[in-house]
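Novice: Provided below are the primary sequence and the corresponding predicted coordinates.
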Amino acid sequence: MDNKLLIVVVVLLVIFYFWYASIIKKRNGAREALSTIDVQLKQRLDLIPNILKIAKKFMEHEFTLFDEITSLRTKASADYNKADAQSIREHLASAEQLTAKMGQLMVNVENYPTLKSDQTMLQAMQTYNEVEGQIAAARRFYNSSVTELNNAVQIFPGSLIAKIAGVTEMPYFEAEEAAKAPIDADKFIR
């Protein structure tokens, strides 16, 4: 009888270990996906000063927008706690606000034909668009990783093991409400 009990305990411990390891791997995968977003955001943050320098030569009346972008760039580049869901949400929100302002800048570039045809600006805008595409892909990967983690953390017995391991859910990347709003084309047509 003692051998059977020992076998059952050993089997349960092995199952617990593999479930525990699976949850830790999923958490680490979600953190890695978040870091991938950060790498892409860093590329964008490095590109923004160059775009602003080029644009400032031509866009004399857009200093408020330049200041807002510079401020948001500083905020988006700040360190955050990758283990804290609220800190992650704030970080992703500041990056999204920067995306919106850069979109506004790109729309304003259209009002400056000389700037729009400048080869350096065209190349910078193309690079920026490529980086934005990479950020979008990284966000999709992050959300997929978060789904796997959150499912593992929420579904029994993973929920019990996650509590023991100190693993919690991570937030999804979600577009801000302003990005979901319909676009008023009249603002952009002159």
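Specialist: Yes, it's here. Residues are numbered from 1 along each chain as shown.

Novice: show me where this protein has strands.
Specialist: Under the criterion DSSP state E, the chain carries no strands.

Novice: What are the boundaries of the helices in this structure?
Specialist: Along the chain, the segments classed as helices by DSSP state H run 2-58, 63-76, 85-109, 113-117, 119-154, 158-165, 177-180.

Novice: Including mean neighbour count and distance to residue 171, could those helices go into JSON lines?
Specialist: C-betas here are computed from N, CA, C, even on glycine. Listed next are those as JSON lines, based on neighbours: other CB atoms under 10 Å; distance: least, CB to CB, whole Å:
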{"stretch": "helix 2-58", "mean neighbour count": "15", "distance to residue 171": "10"}
{"stretch": "helix 63-76", "mean neighbour count": "16", "distance to residue 171": "17"}
{"stretch": "helix 85-109", "mean neighbour count": "18", "distance to residue 171": "5"}
{"stretch": "helix 113-117", "mean neighbour count": "12", "distance to residue 171": "38"}
{"stretch": "helix 119-154", "mean neighbour count": "16", "distance to residue 171": "7"}
{"stretch": "helix 158-165", "mean neighbour count": "16", "distance to residue 171": "16"}
{"stretch": "helix 177-180", "mean neighbour count": "9", "distance to residue 171": "16"}
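
Novice: Let's have these in CSV, adding mean pLDDT.
Specialist: Formatted as CSV, the helices of the chain follow (pLDDT from 0 to 100):
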stretch, mean pLDDT
helix 2-58, 93
helix 63-76, 90
helix 85-109, 90
helix 113-117, 83
helix 119-154, 94
helix 158-165, 94
helix 177-180, 55
